[in-house]
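Participant: Let me see the structure of the following:
(one chain, ligands or ions: 3)
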Amino acid sequence: MINLNSFGWNSFFEKYFEQYNIQGFEHGRISIENKTNYVVVTNHGEIIGEVSGKYLFEAGKQSDLPKVGDWVVVSLFNDYTRAVIHNILPRRTKISRKGVDKKIDEQIIVTNVDVVFIVQSLDDNFNVNRLERYLASVHQGGALPVIILNKSDLCDGVSEKLNAVKNRIEAIDIVIASALNKSGVDELLKFTGDGITVAFIGSSGVGKSTLINQLLGTDLLKTNEVRIADSKGKHTTTRRELILLPSGGILIDTPGMREFGLWDTGEGISQTFSEFDDYAGLCKYSDCTHTHESGCAVLKALSEGKISKERYDNYLKLRKELKYLESKQNIQLQLEEKRKWKTIHKEIKQFYKKNK
Ligand SMILES: Nc1nc2c(ncn2[C@@H]2O[C@H](COP(=O)(O)OP(=O)(O)OP(=O)(O)O)[C@@H](O)[C@H]2O)c(=O)[nH]1
Ligand SMILES: [Mg+2]
Ligand SMILES: [Zn+2]
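Facilitator: Residues are numbered from 1 along each chain as shown. Ligands and ions are numbered 1, 2, ... in the order given. Alright, predicted model coming up:
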């Protein structure tokens, strides 16, 4: 029997599972999402699982389907070699972004993570605006963010870059690492522990999989050189994968992301830019956009040097993106409503025709 506590099972999920437990269902955690099925870690080992037809039928959107990190309700068949997934237990935390296809949709990267390593490399990839973007999403999803600046061996001005981050971002742990010469890896280990789930996110090629291999002490995950021209990665990792750390803890590797569009991150932005809320509360107009209004306390704080200009610019940019997303979502909702009415009207007309 596998001890699922080591995979992060705890009283939070237990409480929700109780009703299924008394009906004889089992529980498990999604460790890999394949194209057509999942790998589920259960008390009886790693088992291939598929979502039940009923659940699939009732799932309204992509985010209703199981994701890596989810705890699911299953029944086991064929001598514990096949699992049918009936439901997902409530997600304690999640990381989401705006889906990359045309439809405005939430894409869940991983769920039920305690800590998120936001990984950047100290070469062309280094970008403080992007760190703040990731932070807003991680804050929104409820996990604890840690910033990892990797490939320190490739960078001469490490302390300048570290200061650039510290000047912009307060009260978040930052680890300088080099997966190549193993520095900083011990420091990363401090954030791991039995039952604690840590996810690695960031652009392709920053060294997420290499860092995980270093933590594991074996080359379990595939890694690949970056392009010489622009240090960009080759999207080597193609699936999210949950891995047990021999020293205790759970690590989740994720594929590098080209874009990290915000999804529903109002709270996350507030938390990431908490000093702005203090000032915004003092603005003359409650719907102040902090761009031109008289009596704007944010602009005043900016002119007095109490808020950094870079943070201000990024704050406005992220808020604008969120507003745009919300308006798009509204349009989409309206279109869906219209489509619904159209079908209803058509059905009614057909009914009349038949019954004439
Ligand atoms: N010089 C140097 N190279 C590193 C370091 N960490 C990783 N690399 C190299 O960077 C390349 C990309 O590393 P990966 O671990 O594949 O990157 P990844 O973030 O997993 O990328 P994707 O899977 O594509 O998202 C590999 O050639 C690694 O050997 C480091 O600290 N220093
Ligand atoms: Mg990788
Ligand atoms: Zn204002």
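
Participant: quick one, strands of the stretch 201-350 of the chain?
Facilitator: Secondary structure of the stretch 201-350 of the chain (DSSP state E, counting those that start in this stretch): strands at 241-244, 250-253.

Participant: burial measure for the closest residue to residue 198 other than its chain neighbours, as a count.
Facilitator: Setting aside the residues directly before and after it, residue 198 is nearest to residue 115 in space (Cβ to Cβ, 6 or more residues apart in numbering), at 4.5 Å. Every residue, glycine included, has its C-beta placed from N, CA and C. Residues near residue 115, counting by other Cβ atoms under 10 Å, number 22.

Participant: and what of residue 180?
Facilitator: For residue 180, the neighbour count with other Cβ under 10 Å is 14.

Participant: Give me the sheet partners of the host helix or strand of residue 149 and which way each runs.
Facilitator: Secondary-structure assignment from DSSP states H and E places residue 149 in strand 144-150. Here strand 144-150 has these sheet partners by DSSP bridges: strand 115-121 (parallel), strand 173-176 (parallel).

Participant: Can you tell me which residues in the stretch 201-350 of the chain are near ligand 3?
Facilitator: Within reach of ligand 3 by Cβ under 5 Å from the ion, the stretch 201-350 of the chain has these residues: 283, 288, 290, 296, 298.

Participant: wait, which of these is closest to residue 275?
Facilitator: Relative to residue 275, the closest of these is residue 298; by Cβ to Cβ it sits at 9.5 Å.

Participant: what sits against the closest one?
Facilitator: By Cβ atoms under 8 Å, 6 or more residues apart in numbering, the residues touching residue 298 are 276, 279, 280, 283, 288, 290, 307, 312.

Participant: what do you get if the cut-off is 10 Å, keeping everything else the same?
Facilitator: If you count contacts by Cβ atoms under 10 Å, 6 or more residues apart in numbering, residue 298 has them with 275-283, 288-291, 306-307, 312, 315-316.

Participant: Not counting its neighbours along the chain, what's nearest it?
Facilitator: residue 290 (3.9 Å).

Participant: thinking again about what came up before, so for the strand holding residue 149, mean pLDDT?
Facilitator: On average, the pLDDT along strand 144-150 is 98.

Participant: Tell me if the next helix or strand after it is near ligand 1.
Facilitator: Going down the chain from strand 144-150, the next helix or strand is helix 158-168, by DSSP H and E. No: in terms of Cβ under 6 Å from any ligand atom, no part of helix 158-168 sits within range of ligand 1; the closest distance is 11.8 Å.

Participant: How about helix 158-168, which residues are buried there?
Facilitator: Within helix 158-168, the residues scored as buried using 16 or more other Cβ atoms under 10 Å are 158, 161, 162, 165.

Participant: Give the other helices and strands that it contacts.
Facilitator: Applying 3 or more Cβ pairs under 10 Å, 6 or more residues apart in numbering; DSSP states H and E, one finds that helix 158-168 makes contact with helix 128-141, strand 144-150, strand 173-176, helix 309-355.

Participant: beta partners of residue 250?
Facilitator: With DSSP bridges applied, residue 250 shows beta-bridge pairing to residue 197, residue 244.

Participant: And the pLDDT for it?
Facilitator: Predicted confidence (pLDDT) at residue 250: the value is 98.

Participant: got a list of what residue 184 touches?
Facilitator: The contact partners of residue 184, by Cβ under 10 Å, 6+ apart, come to 148, 149, 150, 152, 175, 176, 177, 178, 211, 214.

Participant: now residue 314
Facilitator: Residue 314 makes contact with 128, 129, 130, 131, 132, 133, 136, 168, 269, 272, 273, 308 under the criterion Cβ under 10 Å, 6+ apart.

Participant: repeat that with 7 Å
Facilitator: 129, 132 (Cβ atoms under 7 Å, 6 or more residues apart in numbering).

Participant: how far away is it from residue 148?
Facilitator: With distances taken as Cβ to Cβ, to the nearest Å, residue 314 is found 20 Å from residue 148.

Participant: Looking at the stretch 51-200 of the chain, what residue ends up closest to ligand 2?
Facilitator: residue 200 (8.2 Å; Cβ to the ion).
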